[in-house]
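Participant: model this:
(2 chains)
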Amino acid sequence: MLGDFFSRALVAGIGLAAVTGPLGCFVVWRRMAYFGDTMAHSALLGVAISILLSINMTLGVFAVAALVAGALLLLQRQNTLSTDALLGILSHSSLAVGLVLVGFLTQVRIDLMGFLFGDILAVSMEDIYIIYGGGIAILAILALNWRPLLAATVSPELAEAEGLKPEVSRILLMLLMASVIAIAMKLVGVLLITSLLIIPAATARRLSATPEIMALVAAVLGAASVIAGLYGSLTWDTASGPSIVVAALLIFLVSLTVPTARLFGRRESHGA
Amino acid sequence: MDMRMKGETLITLTNAGVRSGGRVLVEGVDLSIARGEIVTLIGPNGSGKSTTAKMATGVLKPSTGTVSRKPGLKIGYVPQKLSIDWTLPLTVERLMNLTGRFSRPEIEAALAAVGAGRLLHAAVQELSGGEFQRVLFARAMIRKPDLLVLDEPVQGVDFSGEVALYELVRSIRDTTQAGILMISHDLHVVMAETDTVICLNGHVCCRGTPAAVKRSPEYLALFGARAADTLAIYEHHHDHEHHDDGCLVGKHGEHEHPHGHVHHDHSEHDHAR
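Facilitator: The predicted structure is shown next:
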């Protein structure tokens, strides 16, 4: 009953969720949701530029997303417009410039809907290699730098005073997000990437007592959303990318009804 | 123990100052801290106390002058404010391991020393202001730092806790020979063990022993004649131990809380920190 394309979609989606879960926790902790959105929107510009210059699309998307992040860092130092307004400018202008550029590319037919909302059912074996290769690299970097990354998230000032480099952690996180966006774009599209980062992590918060457990729970919940979403899309013949996001949303809503907060990793409570 | 020589200079600020956006936050600060020395910064709000501390820790680079640290200097830092978002689940135990890895017994000992032994598994967002301050203090000292920088370490801690924290600072200094840079939470309380009080108001307006500063004309001009009467110098008395609930026992050993109830500070209970 299951076509081969469906197994590939499952494998690819679960691999992606394993990465977006832990990384998404940092996005939630550092309040970078809008920032993630902005980087994701710039991915379409990356696609257009990759086609124009005929370079590898994953690399092109990564480069443009990283450039947009760098531009934001520089603009923030000017101390003029708020980060919020700067993100609004970068987010929508990079999306618009991307769309305009795509319009000029008359020699290539581009599946715009595919880039905006993803086409996980069209995933090839090569895509799976990229997702798992890139994903394992991203998770390894996260794991190796976990303590400084977390310390910089809790308090950059404290991390700096005690000999860590919070600015390096910040840049590292931006590069990791750019990488995830580059490998996720084909699966869920530029408009839905942030939801895979945010929703499983937000759901995991209510169920976790420590940051490490939250990262793990987010990965598992993300994978569950992929499985539920894909089977849902098969059953009801709905679009696969949005179905995954809807599944993630449903899991989030169910988690709100769970009465005991912090189920995982909770030891005996203190006497209060 | 290792050969920690008393008197070795840990950090020196020479004519150091910070400007931000054309505004001078603080300037012309000369300050050095040696092993076993306690330096206390006092001054009104906006006088550059925190800025000076941030220059010392390296969080802020001086725009004028120089800051030199002993190579490999290990700093323990208690920031003035630390707000941990609800979205980040953090137990006290995990917070203790934030910038380094420590064993369970080490963590339990550090928490017990500040009277927060029961809080090991508590979520940091559930702590009261005073409890959180104690935990931050334990977190800084578990690193066995060469230099302990305390930015208003007793804010939100009730009076008996405050006295006990000062005793703990003194006992850390005595046992580890750490240098201590402290920002006093109000002008009026300065530890008697402080070797140097530096009174800031955008620049150094006077310095000296607590008793000398209390009498100096610059201090009186800055804070008014009545301030001299109210500059309380906390002195340590051995016949005066606080063992009521909420007290800390620095070097006197363990202190049990038989009642098992929560510390209640008289200050605000800011759970959203």
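
Participant: State the three-state secondary structure for residue B:68.
Facilitator: With DSSP: H, G, I helix; E, B strand; the rest coil as the basis, residue B:68 sits in strand.

Participant: Tell me who's in contact with residue 90.
Facilitator: Assuming you mean chain A. Contacts for residue A:90 were tallied using C-beta atoms under 8 Å, 6 or more residues apart in numbering or on different chains; they are A:38, A:42, A:68, A:71, A:72. The way it works is simple: take the backbone N, C-alpha and C, and place the C-beta from them, glycine included.

Participant: wrong chain, I was asking about chain B
Facilitator: Listed by C-beta under 8 Å, 6+ apart, the contact set of residue B:90 reads A:154, A:210, A:211, B:84, B:123, B:124, B:125.

Participant: And the residue in the stretch 151-272 of chain A that chain B sits nearest to, how far from residue A:255?
Facilitator: Chain B sits closest to residue A:161 of the stretch 151-272 of chain A, with a gap of 3.7 Å, by C-beta to the nearest C-beta. Note on residue A:161: its distance to residue A:255, by C-beta to C-beta, to the nearest Å, is 36 Å.

Participant: And the two? Which one has more around it.
Facilitator: Per other C-beta atoms under 10 Å in any protein chain shown, whichever of residue A:161 and residue A:255 has more neighbours is residue A:161, with 26 against 17.

Participant: Output the lowest mean pLDDT helix or strand found in the chain.
Facilitator: I'll assume chain A. Here the helix or strand of chain A ranked lowest by mean pLDDT, DSSP states H and E is helix A:112-117, holding a mean of 82.

Participant: actually chain B
Facilitator: Of chain B's SSEs (mean pLDDT, DSSP H and E), minimum confidence goes to helix B:225-230, a mean of 58.

Participant: circling back to that earlier point, so for the contacts of residue A:90, which is the shakiest by pLDDT?
Facilitator: Among the contacts of residue A:90, residue A:72 has the lowest pLDDT, at 85.

Participant: what's residue B:148 sitting at in phi/psi?
Facilitator: phi -110, psi 120 (degrees, to the nearest 10).

Participant: quick one: which helix or strand includes residue B:13?
Facilitator: strand B:9-20 (DSSP states H and E).

Participant: which of the residues in that strand are buried?
Facilitator: B:10, B:11, B:12, B:13, B:16, B:17, B:18 (16 or more other C-beta atoms under 10 Å in any protein chain shown).

Participant: Stretch A:167-178 and chain B in contact?
Facilitator: No. Applying C-beta under 8 Å from any C-beta of the partner chain, one finds stretch A:167-178 separated from chain B by no less than 11.2 Å.

Participant: What lies in contact with that stretch?
Facilitator: A:23, A:26-27, A:30, A:32, A:35-36, A:39, A:62, A:65-66, A:69-70, A:73, A:138, A:141-142, A:145, A:148-149, A:151-153, A:156, A:159, A:197.

Participant: do stretch A:117-130 as well
Facilitator: Contacts of stretch A:117-130 (C-beta under 8 Å, 6+ apart): A:5-6, A:8-9, A:11-13, A:15, A:58, A:111, A:114, A:183-189, A:191-192, A:230, A:239-242, A:244.

Participant: Okay, now the unreliable bits of the stretch 1-150 of chain A?
Facilitator: A:1-3, A:79 (pLDDT under 70).

Participant: if we can go back for a sec, packing partners of the strand holding residue B:13?
Facilitator: strand B:23-34, helix B:49-57, strand B:64-69, strand B:179-183 (3 or more C-beta pairs under 8 Å, 6 or more residues apart in numbering or on different chains; DSSP states H and E).

Participant: Tell me the gap between whichever helix or strand comes after the third one and the middle of its chain.
Facilitator: Per DSSP H and E, the first helix or strand lying C-terminal to strand B:64-69 is strand B:75-78. Taking C-alpha atoms, centre = their mean, to the nearest Å, one finds the center of strand B:75-78 at 8 Å from the center of the full chain.

Participant: can you tell me the average pLDDT over strand B:75-78?
Facilitator: Here the average pLDDT along strand B:75-78 is 90.

Participant: mind exporting it as CSV, just the C-alpha atoms?
Facilitator: Taking Å, rounded to 0.1, in the frame of the first residue of the first chain, the C-alpha atoms of strand B:75-78 are listed here in CSV:
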residue,chain,number,x,y,z
ILE,B,75,36.3,34.7,37.9
GLY,B,76,33.1,33.8,39.7
TYR,B,77,30.3,36.3,39.0
VAL,B,78,27.0,37.1,40.7
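
Participant: Any residue of it touching chain A?
Facilitator: Yes. For strand B:75-78, a contact with chain A is found by C-beta under 8 Å from any C-beta, at B:75, B:76, B:77.

Participant: and if you look at stretch B:115-130?
Facilitator: Yes. Stretch B:115-130 is in contact with chain A by C-beta under 8 Å from any C-beta, via B:118, B:119, B:120, B:121, B:122, B:123, B:126.

Participant: what's the neighbour count on the third one?
Facilitator: Using other C-beta under 10 Å, residue B:120 is surrounded by 19 other residues.

Participant: Over to the first one?
Facilitator: The criterion is other C-beta under 10 Å. On that basis, residue B:118 has 19 neighbouring residues.

Participant: what separates it from residue A:39, distance-wise?
Facilitator: Distance, residue B:118 to residue A:39, using C-beta to C-beta: 44 Å.

Participant: related to what we said a few turns ago, quick check on the contacts of stretch A:167-178: which are buried?
Facilitator: Buried among those by 16+ other C-beta under 10 Å: A:23, A:26-27, A:30, A:32, A:35-36, A:39, A:62, A:65-66, A:69, A:138, A:141-142, A:145, A:148-149, A:151-153, A:156, A:159, A:197.

Participant: Residue A:247 against residue A:228, yeah?
Facilitator: Yes. Here residue A:247 lies in contact with residue A:228, judged by C-beta atoms under 8 Å, at a distance of 3.9 Å.

Participant: so which of the residues of stretch B:115-130 next to chain A is the most crowded?
Facilitator: Ranking the residues of stretch B:115-130 next to chain A using other C-beta under 10 Å puts residue B:119 first, with 27 neighbours.

Participant: and it, what is it in contact with?
Facilitator: Counting by C-beta under 8 Å, 6+ apart, residue B:119 makes contact with A:270, B:92, B:111, B:127, B:131, B:135.

Participant: Selecting buried members of those residues in PyMOL, what would you type?
Facilitator: The following PyMOL line selects those of the contacts of residue B:119 that are buried, judged by 16+ other C-beta under 10 Å:
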select buried, (chain A and resi 270) or (chain B and resi 92+111+127+131+135)
